[in-house]
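Trainee: Show me how the following folds:
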Amino acid sequence: MSNELTVSETVEKVTDFISKQEDSFVRLNENCLNRLDFIKEAEFAKQLLMANGYLLDTARMNPDSLHAAISNVAAIGITLNPANKYAYLVPRKVKGQLQVCLDVSYRGLIKLATDTGVIKFVKAEIVHENDNFKYNGFHVLPEFSADVFGDRGEVVGVYALAITVDGDPLVETMTISAINKIRDDSEAYKAALKKGENSWDYQNNVWVKFDGEMRKKTVIKRAFKTLPPSKGTEFVLKAIEVVNHHEGIDFDKPKELIEITYTDEELKEYQRCIDEGDFFNLFSLKNSLDPEAQMTLHRLCMPEAEKGKKGAQNNKFAQDMKEAANQVESSLNELRISLDSDDDVNIMEILGDCSQWTKDYFLSQLTGEQQQIINTME
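Mentor: Sure thing, here's the model as predicted:
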């Protein structure tokens, strides 16, 4: 803290600076879904500043960054109320300069998304190696269970689940290596790492100090890119842009385009399975595709639901796929038993009901010796 001003004098000066932003705050907030009370938000900002001397000194030395942070509060429509834990004012080094930044938590991103009227529920879960997790497709509910009081092992990934107002599940997954790559590309993280893992900068870097929240926030940000367009979606994307900027992720850096890859044969098979209700073979086809291809084929092939019945249609699809998963696993177990007992007739009967994608899935789950037997029979 500077010797020129006492803490109380600094608080008074910074508070006076915030109070002069009322007119611009109101203008920025007037078109947001969440209308904020400037007097209350100014008081919340004052509380945050008084609770963190480093933040307060940063605001005194760089008032322009404080102005930008308060403006972002208004433009996004996210409250600084500490009780809600949606957003905070934090001191961060951005491109080498200490700044006051608006940090929107993963809870805050969820709040913004649900306020759009497009999403009614969102959650993110960290998955460990000893947990039970099964990804059933982009539009199908995943299966997840964990012994929260036992040894869950190392973190292997994170998934996010959103439920639209129509009842559609939207599922996004990321491996821990994919999340760590985003972390490692962060300018703020790289700068802190250069100073050593025992340095103050490293120990207080957001990716280190709040690693669990950052992992959840990363997959939620990715999931929100698939939100259906609405009036409120722009405020979610604005929040993500603000967060990416001060976390050191270059928002303007050219991104590698995601190539959605599926073949004509996969498209025809997906459509056949939908038309004929062949969810048994659809299960293996879906799991051979990447999430973007799954989402695209689902949209192309699913019949349009009657007005007000889309949620029911998606719930039925999810149930059909869950039953199909059980049928596939049951057939696989029966196939293993038949192979071990040399029951060629039953083997041929089981494989006779399978598409090439289901056969490929079965082969991937069998031993080398069992695979050789099937390849010899065909």
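Trainee: what's the helix or strand for the closest residue to residue 183 other than its chain neighbours?
Mentor: Nearest residue to residue 183, sequence neighbours excluded (C-beta to C-beta, 6 or more residues apart in numbering): residue 207, at 4.8 Å. Bear in mind the C-beta positions are built from the backbone N, C-alpha and C, glycine included. When elements are assigned from DSSP states H and E, residue 207 belongs to helix 206-209.
Trainee: isn't the residue nearest to residue 183 right up against residue 191?
Mentor: No. Look at residue 207 against residue 191 with C-beta atoms under 8 Å: they stay out of range, at 11.5 Å.
Trainee: Those two: which has the busier surroundings?
Mentor: Neighbours per residue, other C-beta atoms under 10 Å: of residue 207 and residue 191, the larger number sits with residue 207, 23 against 17.
Trainee: List the contacts of that one.
Mentor: 183, 186, 188, 189, 214, 247 (C-beta atoms under 8 Å, 6 or more residues apart in numbering).
Trainee: residue ranges of the strands in the stretch 101-250 of the chain, please?
Mentor: Taking DSSP state E, counting those that start in this stretch as the test, the strands found in the stretch 101-250 of the chain are 119-128, 132-134, 143-145, 155-164, 169-175.
Trainee: can those go into CSV with extra columns for mean pLDDT and distance to residue 298?
Mentor: Formatted as CSV, the strands of the stretch 101-250 of the chain follow (pLDDT from 0 to 100; distance: least, C-beta to C-beta, whole Å):
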stretch, mean pLDDT, distance to residue 298
strand 119-128, 91, 18
strand 132-134, 93, 18
strand 143-145, 94, 19
strand 155-164, 92, 14
strand 169-175, 91, 11
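Trainee: Present those strands as JSON lines; the columns should include distance to residue 196 and mean neighbour count.
Mentor: Shown next, in JSON lines, are those (distance: least, C-beta to C-beta, whole Å; neighbours: other C-beta atoms under 10 Å):
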{"stretch": "strand 119-128", "distance to residue 196": "27", "mean neighbour count": "18"}
{"stretch": "strand 132-134", "distance to residue 196": "35", "mean neighbour count": "13"}
{"stretch": "strand 143-145", "distance to residue 196": "37", "mean neighbour count": "12"}
{"stretch": "strand 155-164", "distance to residue 196": "24", "mean neighbour count": "20"}
{"stretch": "strand 169-175", "distance to residue 196": "27", "mean neighbour count": "19"}
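Trainee: Quick one: mean pLDDT over the helix or strand harbouring residue 39.
Mentor: Element membership of residue 39 [criterion: DSSP H and E] is helix 38-51. The average pLDDT within helix 38-51 is 91.
Trainee: tell me how far stretch 44-63 is from the chain's mean position?
Mentor: With C-alpha atoms, centre = their mean, to the nearest Å as the basis, stretch 44-63 stands 31 Å off its chain's centre.
Trainee: Looks like residue 146 contacts residue 153 (just checking).
Mentor: No. With contact defined as C-beta under 8 Å, residue 146 does not count as touching residue 153 (10.1 Å).
Trainee: For the two, indicate the residue with more neighbours.
Mentor: Shown here are residue 146 and residue 153; by other C-beta under 10 Å, residue 146 has more neighbours (15 against 11).
Trainee: Spatially nearest residue to that one (excluding sequence neighbours)?
Mentor: Spatial nearest neighbour of residue 146, chain neighbours left out: residue 131 (4.1 Å); criterion: C-beta to C-beta, 6+ apart.
Trainee: low-confidence ranges in this structure?
Mentor: Applying pLDDT under 70 to the chain flags residues 1-7, 228-232, 246-261, 292, 308, 311, 378.
Trainee: Any idea which of the strands of the stretch 101-250 of the chain gets closest to residue 225?
Mentor: Closest to residue 225 of the strands of the stretch 101-250 of the chain is strand 169-175 (C-beta to C-beta; 8.8 Å).
Trainee: Output the contacting helices and strands for the closest one.
Mentor: With contacts taken as 3 or more C-beta pairs under 8 Å, 6 or more residues apart in numbering; DSSP states H and E, strand 169-175 sits against strand 155-164, helix 211-224, helix 291-301.
Trainee: So which residues make contact with it?
Mentor: Contact partners of strand 169-175, identified using C-beta under 8 Å, 6+ apart, comprise 135-142, 156-164, 218-220, 222-223, 226, 291, 314, 318.
Trainee: Measure how far it is from the centre of its chain, please.
Mentor: Centroid separation between strand 169-175 and its chain, computed with C-alpha atoms, centre = their mean, is 7 Å.
Trainee: what about dumping the CA coordinates of it to PDB?
Mentor: The C-alpha coordinates for strand 169-175 follow below in PDB (Å, rounded to 0.1, in the frame of the first residue of the first chain):
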ATOM      1  CA  PRO A 169     -30.200 -32.600 -23.000                       C
ATOM      2  CA  LEU A 170     -27.000 -31.000 -24.300                       C
ATOM      3  CA  VAL A 171     -23.800 -32.800 -23.200                       C
ATOM      4  CA  GLU A 172     -20.200 -31.600 -23.600                       C
ATOM      5  CA  THR A 173     -17.200 -33.500 -22.500                       C
ATOM      6  CA  MET A 174     -13.500 -32.600 -22.300                       C
ATOM      7  CA  THR A 175     -10.500 -34.700 -21.300                       C
END
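Trainee: quick one: strands adjacent to that strand?
Mentor: Sheet pairing of strand 169-175 (DSSP bridges) gives strand 155-164 (antiparallel).
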